[in-house]
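[1] Dropping the sequence and predicted coords here.
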Amino acid sequence: MTKITSAAKAAKITLAAAVVGKQGSINRLTDVFEWFVKGGPDGAQGSEDLVTQAVKLLEGEDSYIPPDQQAALITVIGSKGNESFLKFYVNMQKKQGRHVFAAKMIGEPIAADPGDPGNADDADDADASDAEMMG
């Protein structure tokens, strides 16, 4: 029978303790990686990042916005340091509020949705929302 010295036992215990001690650091790195991939601490509504969500809005619900206005909006909300603008645009559920916000970002009114039967009413509501949102 092979006898294990106390030094060998101590070495095994020290290695095991070091691995267990690093587990917290590994968990923290995993959390940071997940946070980065998801787009922030709130997870940006699932695993999609905010840019992907903005593209889906511009290609879907907001696709009637003319390409030059879309380009201007992308330039503003996609610029470094404007992450909060991107978050607002993506997370605003009501199209009317999102468009008032977008109009402020690009400095011109957003074209009306030709497929929206309530455009006449929305124009008046947009003016009221504009005053409320922007002070």
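    Done, it's in.
[2] For burial, what's the neighbour tally of Lys56?
    The number of residues packed near Lys56 is 13, by other C-beta atoms under 10 Å. To be clear about C-beta, it is placed using only N, CA and C from the backbone, and glycine gets the same treatment.
[3] Show me what the helix or strand containing it is packed against.
    Secondary structure from DSSP states H and E places Lys56 in helix 50-59. Where contact means 3 or more C-beta pairs under 8 Å, 6 or more residues apart in numbering; DSSP states H and E, helix 50-59 is packed against helix 67-77, helix 83-91.
[4] Show me the helices in this protein, by range?
    Ranges of helices within the chain are 6-38, 50-59, 67-77, 83-91, 95-106, 119-134, based on DSSP state H.
[5] Alpha carbons of the second one, as CSV, please.
    Just to be clear, that refers to helix 50-59. The C-alpha coordinates for helix 50-59 follow below in CSV (Å, rounded to 0.1, in the frame of the first residue of the first chain):
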residue,chain,number,x,y,z
LEU,A,50,-31.2,46.5,-29.4
VAL,A,51,-29.8,47.1,-32.9
THR,A,52,-31.5,43.9,-34.1
GLN,A,53,-34.8,45.1,-32.6
ALA,A,54,-34.4,48.6,-34.2
VAL,A,55,-33.8,47.0,-37.6
LYS,A,56,-36.9,44.8,-37.2
LEU,A,57,-39.0,47.9,-36.3
LEU,A,58,-37.6,49.8,-39.3
GLU,A,59,-38.2,46.9,-41.7
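[6] any idea of the angle it forms with helix 67-77?
    Relative orientation of helix 50-59 versus helix 67-77 (axes from the mean of the first three to the mean of the last three C-alpha atoms, to 10 degrees): 160 degrees.
[7] Show the average pLDDT along helix 50-59.
    Averaged over helix 50-59, pLDDT sits at 88.
[8] Tell me which residues of it come out buried.
    Neighbour-count burial for helix 50-59 flags Leu50, Gln53, Ala54, Leu57, Leu58 (criterion: 16 or more other C-beta atoms under 10 Å).
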